[in-house]
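Asker: fold the following and give me the result.
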Amino acid sequence: MALCRALSANLREPLHLSVILLLPEKQFKKSFSLALITMHITAPRIHNGRKWLPEGTTISLNEQGKILSLLPTPPEGTIFYDGVLAPGFVNVHCHLELSHMQGVIPEHTGLIPFLKDVSFRRNEHTEAQKTEARFNAFNQMFSNGIVAVGDIANTTDTLDLRALGHLHFHSFIEALGFTEVNAARSFGFAVKTYEAFATQEPGNKINNQSITPHAPYSVSGKLFQAIDAYQPGSVLSIHNQESEAEDQYYREKTGGVQDLLQAMGIDDSYFVPTGKSSIRSYMAGLGHGRPYIFVHNTYTSREDVQYIKAGVREAYWCLCPNANLYIENRLPDVDMLVSEGATLCIGTDSLASNHQLCILSELYSLKQHYPALEWEQLLKWATHNGAIALQMQDVAGVLEPGMSPGIVQLLNIDTAERPIVKRVF
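Answerer: Numbering: from 1, shown residues only. Next up, the predicted model:
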């Protein structure tokens, strides 16, 4: 039973006003002039990315999806939608290049066996299979109302998706390498990949990129230092405390992470345990003036969050609940994160660890496990907060005059039925 409704558009071709395809013919004729200049839309509830707007609020926008004004009441010719209208979703954490691995790894293996499978099986498919899976995943993401994505890149595979010009991208070029002796070589490979993204021809959407660490157990101290020194103001994203074994390794140098390193033939003899959690260990050696996105946070403690709050200027905590349930069958302590005032945002992770790329599905899972969470709050995490985390608040995340944030329709969010998302613009 699909949570998110997929449209059939083939996004390898240029887009042609998808909103027109979603409007009844009579309403289309009533609301558009021959020049397709202005339309008005409203719904019983509208969320502007930060909060619910007053009842009757109507969005006035042009044929490019740019919001011209927010009206207090609907004028004649307004198109009425059921349910909720909201800005397009922002997917802060995804791995589009792993889309061909959907269904390859079983659920509930735990992170360490999962990582072993990804490492040893990601190249079992042909390039044609990878490309087809990547485009299918991208189409699914677009249809599910996502307008911007923070996409992890270990290769240049996703350059073709960025070139389509349909979504805003921040490509996080991952640097990996846990041996100190190979830190310069590992960083050089990341720089080469980064330059391929940075030199891509600009289009009508944002295409940003930065070099970022993969995870605390896959990046050596020297490699962390090289990443930190490169473009000091750029946003970094890191897989953080996704398993209990990560903290165990930093505290004691024992457990599943050490088993993983040995299985991959990685010499960790240089590493000295700190006796502290991973986040308090690796962040002690990084500059605190740049924006950070901490992803997963499944085993993050209150003390860890307070440590970051005390020292890091700009921190975002990205939740990928469906991936956490898929891999570890456990969720972060969301109530604790909320009580600590953490700025939360939402990601889907990859199809290797998820059944779909759908932000509404992630919100639904959070609501199922934390029923006290309000939709007003959840939608803010999925739109405005995500846009800020990716440094895209000027183009996405809010319904405001002058913005072109995309618009989605949400159905059944307050019923016993599973909610549905439809892309309006």
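
Asker: name the helices or strands packed onto the strand or helix carrying residue 69?
Answerer: Assigned by DSSP states H and E, residue 69 falls within strand 67-71. Identification of packing neighbours for strand 67-71 by 3 or more CB pairs under 8 Å, 6 or more residues apart in numbering; DSSP states H and E yields strand 58-62. Using the backbone N, CA and C atoms, a C-beta is placed for each residue, glycine as well.

Asker: helix, strand or coil for residue 46?
Answerer: strand (DSSP: H, G, I helix; E, B strand; the rest coil).

Asker: what bridges to it?
Answerer: Residues in a beta bridge with residue 46, per DSSP bridges, are residue 85.

Asker: give me the sheet partners of the strand holding residue 69 and which way each runs.
Answerer: strand 58-62 (antiparallel).

Asker: distance between the ends of stretch 275-289?
Answerer: This stretch, stretch 275-289, spans 25 Å end to end (CA to CA, to the nearest Å).

Asker: any idea how far it is from the middle of the chain?
Answerer: A distance of 23 Å separates the centroid of the chain from that of stretch 275-289, by CA atoms, centre = their mean, to the nearest Å.

Asker: which residues are in contact with that stretch?
Answerer: For stretch 275-289, the surrounding residues in contact (CB atoms under 8 Å, 6 or more residues apart in numbering) are 213, 216-217, 219, 221, 224-225, 228, 232-233, 236, 240-241, 246-247, 249-251, 274, 294, 300-301, 303-304, 307-308, 311-313.

Asker: quick check: buried residues in it?
Answerer: 276-283, 286 (16 or more other CB atoms under 10 Å).

Asker: output the below-cut-off pLDDT ranges for the chain.
Answerer: In the predicted model, the chain carries pLDDT under 70 at residues 1-36.

Asker: domain assignment for it?
Answerer: For the chain, the structural domains run 1-88+398-425, 89-396, going by automatic domain parsing.

Asker: most tightly packed of those?
Answerer: Counting by mean count of other CB atoms under 10 Å, domain 89-396 has the highest mean neighbour count of those, with a mean of 20.

Asker: contacts for stretch 211-231, please.
Answerer: Residues from elsewhere that reach stretch 211-231 (CB under 8 Å, 6+ apart): 172-180, 183-184, 186-187, 190-191, 194, 210, 234, 236-240, 242, 246, 249-250, 257, 260-261, 270, 278-279, 281-282, 285-287.

Asker: next, residue 112: secondary structure please.
Answerer: helix.

Asker: distance check, residue 226 against residue 252.
Answerer: Noted for residue 226: a distance of 27 Å to residue 252, by CB to CB, to the nearest Å.

Asker: now the spatially most central residue of the chain, what's its secondary structure?
Answerer: For the chain, residue 92 is the residue whose C-alpha lies nearest the centre (CA atoms, centre = their mean; 2.2 Å). Three-state call for residue 92 (three-state DSSP): strand.

Asker: so what's the closest residue to residue 47 other than its chain neighbours up against?
Answerer: Leaving aside its sequence neighbours, residue 47 sits nearest to residue 86 (CB to CB, 6 or more residues apart in numbering; 4.3 Å). Contacts for residue 86 (CB under 8 Å, 6+ apart) come out as 46-49, 379, 383, 399, 407-408, 410.

Asker: contact partners of stretch 306-319?
Answerer: With contact meaning CB under 8 Å, 6+ apart, stretch 306-319 is reached by 92-93, 237, 279-280, 283, 288-297, 300, 305, 332, 334, 337, 340-347, 362, 366, 381, 385, 388-389.

Asker: hmm, back to that, residue 424: which of the contacts of residue 86 is nearest?
Answerer: The closest of the contacts of residue 86 to residue 424 turns out to be residue 407 (CB to CB; 4.3 Å).

Asker: now do the contacts for the closest one.
Answerer: 41, 59, 61, 65, 85-88, 399, 423-425.

Asker: at 10 Å instead, please
Answerer: Residue 407 makes contact with 19, 41, 43, 46, 59, 61, 65, 67, 81, 85-88, 145, 147, 399, 422-425, according to CB atoms under 10 Å, 6 or more residues apart in numbering.

Asker: likewise residue 270?
Answerer: 178-181, 220-222.

Asker: and those residues, which two are furthest apart?
Answerer: 181 and 221 (12.1 Å).

Asker: what are the ranges of the strands in the stretch 151-300 of the chain?
Answerer: 168-175, 207-213, 236-240, 291-296 (DSSP state E, counting those that start in this stretch).

Asker: the ones you listed into JSON lines, with extra columns for distance to residue 319?
Answerer: Output for the strands of the stretch 151-300 of the chain, formatted as JSON lines (distance: least, CB to CB, whole Å):
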{"stretch": "strand 168-175", "distance to residue 319": "17"}
{"stretch": "strand 207-213", "distance to residue 319": "18"}
{"stretch": "strand 236-240", "distance to residue 319": "11"}
{"stretch": "strand 291-296", "distance to residue 319": "8"}
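
Asker: how about those, which one is nearest residue 265?
Answerer: That would be, of these and by CB to CB, strand 168-175, which comes in at 18.9 Å.

Asker: tell me the strands beside that closest one, with direction?
Answerer: For strand 168-175, pairing defined by DSSP bridges yields strand 146-153 (parallel), strand 207-213 (parallel).

Asker: secondary structure element for residue 309?
Answerer: helix 302-311.

Asker: could you give the angle of that helix to strand 236-240?
Answerer: Between the axes of helix 302-311 and strand 236-240, defined by axes from the mean of the first three to the mean of the last three CA atoms, to 10 degrees, the angle is 160 degrees.

Asker: now the element after helix 302-311, going C-ward?
Answerer: strand 314-319.

Asker: give me the distance from the helix or strand just after that following strand to the chain's centre.
Answerer: With elements assigned by DSSP H and E, the helix or strand that comes after strand 314-319 is helix 321-327. With CA atoms, centre = their mean as the basis, helix 321-327 stands 14 Å off its chain's centre.

Asker: helices of the stretch 251-400 of the chain, residue ranges please.
Answerer: For the stretch 251-400 of the chain, applying DSSP state H, counting those that start in this stretch gives helices covering 256-263, 278-282, 302-311, 321-327, 334-339, 359-369, 375-380, 386-389.
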